[in-house]
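**Q** Have a look at this prediction, sequence included:
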Amino acid sequence: MKKPSITKIIVLAIAIILAGYFIGNMHKNGIQSNRHVEVKGLSEREVKADLAVWPIQITLTGNDLKLLKTEIEDQKKQVQQFFVDHGFTAEELSMGSTNIDDARAQMYGGNMQNRQYRYIVKTEFTVRTDDVGRLQAALSESLSLISKGIVIGSKNTWRPVEFIFTKLNEIKPSMIEEATKNAREVAKKFAMDSNSKVGKIKTARQGLFTISDRDQNTPHIKIVRVVSTIDYFLED
């Protein structure tokens with residue numbers, strides 16, 4: 001049997017060494033790529049609502065439909081004048097539809113003899129303004145309308161006035177930056193505890209922005225919140 005030459009043996013040995021090196025390096029790099037930490041970064045802002053919507057409902061009862069029509073038109077004018085006197089413009093005030101309920105026309109109306117009024121008239125009136133403070137002042141003084149015999153209430157009993165924050169896009173970039181910065185600080189703390197360093201971002205997921213009332217008593221003050229989830233590579 002012919003023995004292999006020295007040259008072939010040397011070439012084979014070098015090939016085995018190189019193969020071992022590359023395999024070991026690939027294994028090391030694979031371990032490195034799997035070393036990462038997932039952290040969350042929070043950003044919160046307290047902001048004031050910049051839009052207020054008050055859907056008002058004026059209610060009247062009576063038995064003379066023609067007289068009710070005259071009275072409801074007069075009350076709508078008085079309510080409109082109330083807001084004009086408080087500095088609201090025509091663009092901020094809008095009239096809605098008027099509905100009339102006839103108790104006698106209802107199939108399950110009950111005993112009509114116990115009903116004092118046949119008709120219930122309800123008409124809608126909406127105030128929409130970016131002057132939130134002015135609307136709050138008008139809201140506190142609206143009781144003066146009762147002395148004129150005008151019964152008003154909010155169409156939405158669960159939320160009489162809707163306060164809205166519309167400038168989210170203006171604060172989004174800075175909040176995302178803050179959430180990312182907070183996430184990196186958490187990652188640094190984790191890396192320090194594991195004798196590592198924070199590397200590049202592996203993946204990043206931005207959470208949804210949420211806007212909620214600060215509490216039930218101050219719905220005109222909002223809390224804007226976002227949570228970013230970021231994966232960082234860890235390095236030795």
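**A** Good, I have the coordinates. Note that the structure is a prediction, hence the values are computed from the model and not measured.

**Q** On the three-state scheme, Gln116 is what?
**A** Applying DSSP: H, G, I helix; E, B strand; the rest coil to Gln116 yields a three-state assignment of coil.

**Q** give the contact list for it.
**A** Thr61 (Cβ atoms under 8 Å, 6 or more residues apart in numbering). Heads up, the C-betas are built off the backbone N, CA and C, glycines and all.

**Q** Quick check, pLDDT for it.
**A** pLDDT for Gln116: 79.

**Q** Relative to Ala103, how far out is it?
**A** Computed as Cβ to Cβ, to the nearest Å, the Gln116 to Ala103 distance reads 10 Å.

**Q** and what of Thr123?
**A** 18 Å.

**Q** which one of those two has more residues nearby?
**A** Shown here are Thr123 and Ala103; by other Cβ atoms under 10 Å, Thr123 has more neighbours (20 against 15).

**Q** Backbone dihedrals for the residue nearest to Pro160 when sequence neighbours are not counted, please?
**A** Of all residues not flanking Pro160 in the chain, Ser154 sits nearest, at 3.6 Å (Cβ to Cβ, 6 or more residues apart in numbering). The phi/psi pair for Ser154 (degrees, to the nearest 10) reads phi -80, psi 140.

**Q** and Glu178, that's in a strand?
**A** No. Read with three-state DSSP, Glu178 is helix and lies in no strand.

**Q** before we move on, what SS does the most centrally placed residue in the chain have?
**A** Centroid check for the chain by Cα atoms, centre = their mean gives Ile211 as the closest residue, at 3.1 Å. At Ile211, secondary structure determined by three-state DSSP is strand.

**Q** Next: Glu38.
**A** Glu38 - assigned by three-state DSSP - is strand.

**Q** Pull out the CA atoms of the longest strand seen in the chain and give them to me as CSV.
**A** Longest strand in the chain by number of residues (criterion: DSSP state E): strand 221-235. Provided in CSV are the C-alpha atoms of strand 221-235 (Å, rounded to 0.1, in the frame of the first residue of the first chain):
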residue,chain,number,x,y,z
ILE,A,221,-56.8,66.8,32.2
LYS,A,222,-55.5,63.7,30.3
ILE,A,223,-52.7,61.2,30.7
VAL,A,224,-51.0,60.2,27.5
ARG,A,225,-49.1,56.9,27.8
VAL,A,226,-46.9,54.8,25.5
VAL,A,227,-44.8,51.7,26.2
SER,A,228,-42.0,50.6,23.8
THR,A,229,-40.6,47.0,23.8
ILE,A,230,-37.0,46.7,22.6
ASP,A,231,-34.6,43.8,22.3
TYR,A,232,-30.9,44.7,22.8
PHE,A,233,-28.0,42.5,22.0
LEU,A,234,-25.6,41.9,24.9
GLU,A,235,-21.9,42.0,24.4
